[in-house]
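Asks: Build me a model:
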Amino acid sequence: MIDNIRIISNNNYDTTFIDSTGTAVLDFKAYPPTVSKIQNKRTKASTAICDDNGNLLFYVDGCGVYDKEHGLMEDGEFIGKSNYFYKCNSAFLDPLLIFHDEPKIILPMPGNPNHYIIFYMKYRTFFNKIELLYATIDLSKNNGLGKVKNYDVPMAPPDKYNFQINAVRHSNGIDWLIFVRLMQKKMLMFLFDSDGLHSPRIFNFDKDLEQDFGSICGFSKLGDKYFEFGDTTCRIYDFDRCKMEFSNLQEFKVETIGDSVKKTYIVIAEFSPDSRFFYTASYDTLFQYDISSGKPPFPKCLIATTGVEPFVAFGTDIRSFYNSFLGPDNKIYLNGISYPFLHVIHNPNEAGDACNFEMDAINLPVLPMWFQRYPNYNLGAVDPPCTSAVPDLKKGQEFSIFPNPAANTLTIRFENPATGTWKMIDTNGKVGFSGNCTNWQQQSVDLSNFVSGIYVLSFSFENGDLSHQRFVISK
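Replies: Reported below is the predicted structural model:
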């Protein structure tokens with residue numbers, strides 16, 4: 001049986017957790033990282049965060065939020081509620097867990113050293129629309145062990161989001177930009193600053209994101225490049241942190257070795273720390289591409305092969321490539337499918353064999369599968385400073401709703417007259433109401449035909465702003 005593993009990382013990446021029947025801790029204060037194991041009854045570890053000295057603050061798995069002493073944080077059980085794939089208190093794990101996790105990242109709130117935000121997704125139904133949510137953690141409570149202040153706060157209406165959440169530091173080096181790719185030709189970008197989370201800006205892309213298990217996306221350590229791919233097609237964009245724009249799309253086919261049966265999904269993609277090289281791997285082959293020319297075809301180099309056919313690699317204790325992460329020491333760590341070793345690219349900024357790839361470099365006490373992607377917490381302000389005006393992503397049109405919970409009537413009140421479109425959506429993404437609004441200041445909505453439940457009221461205003469709020473119908 002394949003253990004359900006996640007690797008989760010911290011503020012300065014000094015410590016990493018890997019969860020299975022127990023939890024392995026990797027300490028990156030020296031190389032090789034030291035590995036220890038603690039028992040944990042939970043599964044599906046996803047992400048963690050530490051202080052500037054690498055001391056654990058708290059972490060999150062698929063069932064709960066845990067404090068630095070590994071106890072369940074006050075009100076921390078919310079994360080496992082209403083999960084489609086498994087029940088947290090059950091010994092049964094859905095086999096689909098080997099393919100799916102609910103993505104989570106933790107970001108420190110700018111200007112408030114005791115507050116952290118967990119951004120996460122929840123799948124209410126299989127391959128249906130996904131909820132994009134956040135929760136607030138207050139570490140000033142319970143003698144530093146923390147408390148969940150609120151949770152399941154909607155970031156945007158349910159939709160067909162890609163299974164990852166990415167974040168890059170704002171050009172000021174303080175605030176955050178949060179990115180969520182839709183399967184359709186769209187990307188949402190949220191500003192997260194000391195005022196909280198702002199309404200998203202929408203980017204329109206030329207391509208859909210293929211809806212398959214191989215669809216992944218992410219940013220470089222410098223925040224200057226973004227990639228996405230499904231199957232063997234890769235797209236790389238430049239990202240300008242000053243203008244907050246994607247540009248210079250480069251699309252190319254990523255090579256694998258062997259006959260057509262072996263040309264399977266690309267499962268690993270990672271930029272070198274200096275953004276010059278791009279590493280990709282199928283289950284059995286690892287390539288390096290020199291993307292510095294900015295135009296394909298890119299020079300490529302075969303770095304390693306496992307010697308195991310891809311579909312044979314879907315077993316335990318078989319050498320393979322399956323996921324990767326860039327460590328705090330600027331080494332790239334790769335794992336196989338339920339394989340008790342990490343492979344390491346020691347010098348990923350170097351070309352060809354000089355990158356110094358080492359197979360089976362670090363022995364693990366658990367059998368990992370996936371790594372979660374993490375933002376570069378230490379990315380500073382753009383230097384030299386931006387010469388052009390940085391787009392203002394502050395909150396646009398806001399509205400309030402009352403009463404909440406509501407029974408038969410919901411009242412909507414706007415700060416300023418609002419014009420645009422609106423819709424009311426349930427947690428499965430089904431639209432109950434939709435229509436236009438023109439110079440709305442206050443409006444009432446008849447709820448008499450709706451059943452009790454949780455709903456999202458979403459507005460798209462004529463200036464392009466989006467705004468939404470969750471409310472409850474209780475009868």
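Asks: ok, the nearest residue to residue 410 once chain neighbours are set aside - contacts?
Replies: Leaving aside its chain neighbours, residue 410 sits nearest to residue 445 (4.6 Å; criterion: Cβ to Cβ, 6 or more residues apart in numbering). (Each C-beta comes from the backbone N, C-alpha and C, glycine too.) Residue 445 sits next to 409-412, 424, 433 when contact means Cβ atoms under 8 Å, 6 or more residues apart in numbering.
Asks: Please, which helix or strand holds residue 445?
Replies: Following DSSP states H and E, the helix or strand that holds residue 445 is strand 431-446.
Asks: List the strands paired with that strand, with their directions.
Replies: Sheet pairing of strand 431-446 (DSSP bridges) gives strand 409-426 (antiparallel).
Asks: Show me how far the partner strand is from its chain's centre.
Replies: Relative to the centre of its chain, strand 409-426 is centred 29 Å away, using Cα atoms, centre = their mean, to the nearest Å.
Asks: in that strand, what's buried?
Replies: 410, 412, 414, 418, 420, 422-426 (16 or more other Cβ atoms under 10 Å).
Asks: one step back: which one of the contacts of residue 445 is nearest residue 30?
Replies: The closest of the contacts of residue 445 to residue 30 turns out to be residue 424 (Cβ to Cβ; 54.7 Å).
Asks: With adjacent residues omitted, what lies nearest to the closest one?
Replies: Going by Cβ to Cβ, 6+ apart, residue 424 has residue 433 as its nearest residue, at 4.1 Å.
Asks: I'd guessed the one you found sits against residue 426; true?
Replies: No: here residue 433 lies out of contact with residue 426, judged by Cβ atoms under 8 Å, at a distance of 10.7 Å.
Asks: ok so, going back, can I get the buried residues of strand 409-426 in JSON lines with pLDDT and distance to residue 458?
Replies: Below are the buried residues of strand 409-426 laid out as JSON lines (pLDDT from 0 to 100; distance: Cβ to Cβ, whole Å):
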{"residue": "410", "pLDDT": "93", "distance to residue 458": "13"}
{"residue": "412", "pLDDT": "93", "distance to residue 458": "12"}
{"residue": "414", "pLDDT": "89", "distance to residue 458": "14"}
{"residue": "418", "pLDDT": "88", "distance to residue 458": "13"}
{"residue": "420", "pLDDT": "87", "distance to residue 458": "10"}
{"residue": "422", "pLDDT": "90", "distance to residue 458": "7"}
{"residue": "423", "pLDDT": "87", "distance to residue 458": "5"}
{"residue": "424", "pLDDT": "88", "distance to residue 458": "8"}
{"residue": "425", "pLDDT": "82", "distance to residue 458": "6"}
{"residue": "426", "pLDDT": "79", "distance to residue 458": "12"}
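Asks: Just give me the residue closest to the centre of the protein.
Replies: Among the residues of the chain, the one closest to the centroid is residue 165, at 2.4 Å (Cα atoms, centre = their mean).
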